[in-house]
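1. quick one, structure for this:
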Amino acid sequence: TVTKIEKPKLVTASAAPAPALHERLYYAPKELPDHFKPMYESALKDPKSSKFLMTAWAGDHTKNEPGTIIDDFPSVTNSHIIKGVSVWVNNKAANNYIVAYQLDFTDKPSIFRSHDGKPGNPPNSTQRTFAVTNVGDRITSVQITAGKFPDFPVKVVSSITLTTAKGQSAKLGMDGQPDQSDTLWTDAPVANYSLKGFWAESGSAFDRLGVFYGLDE
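-> Modelled structure (predicted):
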């Protein structure tokens, strides 16, 4: 079965009520993993944080600490417009989890992230790509599914579904659903916001994966 994880209320790292959207949109998900809180506190010092939103995550919700922290926020600005997303899926039977992703932007360098922090396509994996085809269209909704696989004791990310403002959509990753699957549903918070990147934690796969939306400028 697939469980829809409700979008969290806006909260600060201390769980106090967050300011209204027009005052400060960037926020930390409730119960952000402790080892990720320094990233959040640093991000709040960046002036652009008032024009970004950080979602909760799909995947492991235990206290397990993966080996690699991934954070796209420092690498993107409000002028980064995503024109394509690729993921690499492990080819091993019964273990079709995501092991890498790449964000392609209009007139800006791409961002590639692997589960182990290494450059280049991961071995024994298959690339799947989504390209925004309509000029001016933006990715405004992201669904991330995670579940249990034989290789891991905790849930890892199996697929990412992307949808644009004009209705173009594709699922990247595992075709079906893993065991004990959960799906995180996220949407751009208001008009003129779109997908800018991800935040994640990984070891041999992506244990946790969340989304950054930002104002398009």
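
2. pull up the pairing partners for the helix or strand harbouring K83, direction included.
-> Element membership for K83, per DSSP states H and E: strand 82-90. Here strand 82-90 is paired, per DSSP bridges, with strand 98-105 (antiparallel), strand 125-131 (antiparallel).

3. give me the contact list for the longest one.
-> It refers to strand 98-105. Applying Cβ atoms under 8 Å, 6 or more residues apart in numbering, the contact partners of strand 98-105 are 72, 80-90, 110-115, 121-122, 125, 131, 156-160, 172-173, 197-198, 204-206, 209. Yep, even glycine has a C-beta here, placed from its N, CA and C like the rest.

4. downstream of it, the next helix or strand is which one?
-> Counting by DSSP H and E, the next helix or strand C-terminal to strand 98-105 is strand 108-114.

5. restrict that following strand to CA atoms and write it as CSV.
-> Extracted in CSV, the C-alpha atoms of strand 108-114 (Å, rounded to 0.1, in the frame of the first residue of the first chain):
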residue,chain,number,x,y,z
LYS,A,108,23.4,27.3,-16.2
PRO,A,109,25.6,24.3,-15.3
SER,A,110,24.0,21.0,-14.4
ILE,A,111,24.1,19.6,-10.9
PHE,A,112,24.9,15.9,-10.5
ARG,A,113,24.5,14.1,-7.2
SER,A,114,25.4,10.4,-6.5
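
6. partners of that strand in the sheet?
-> strand 98-105 (antiparallel).

7. how far does the strand it pairs with sit from the chain's center?
-> Computed by Cα atoms, centre = their mean, to the nearest Å, the separation of strand 98-105 from the middle of its chain amounts to 10 Å.

8. now do stretch 185-204
-> 5 Å.

9. so where do the helices sit in this structure?
-> Shown for the chain, the helices assigned by DSSP state H span residues 37-44.

10. shaky segments in it?
-> 1-31, 66 (pLDDT under 70).

11. circling back: tell me which of the strands paired with strand 82-90 sits nearest to D151.
-> Closest approach to D151 among the strands paired with strand 82-90 (Cβ to Cβ): strand 98-105, 10.9 Å.
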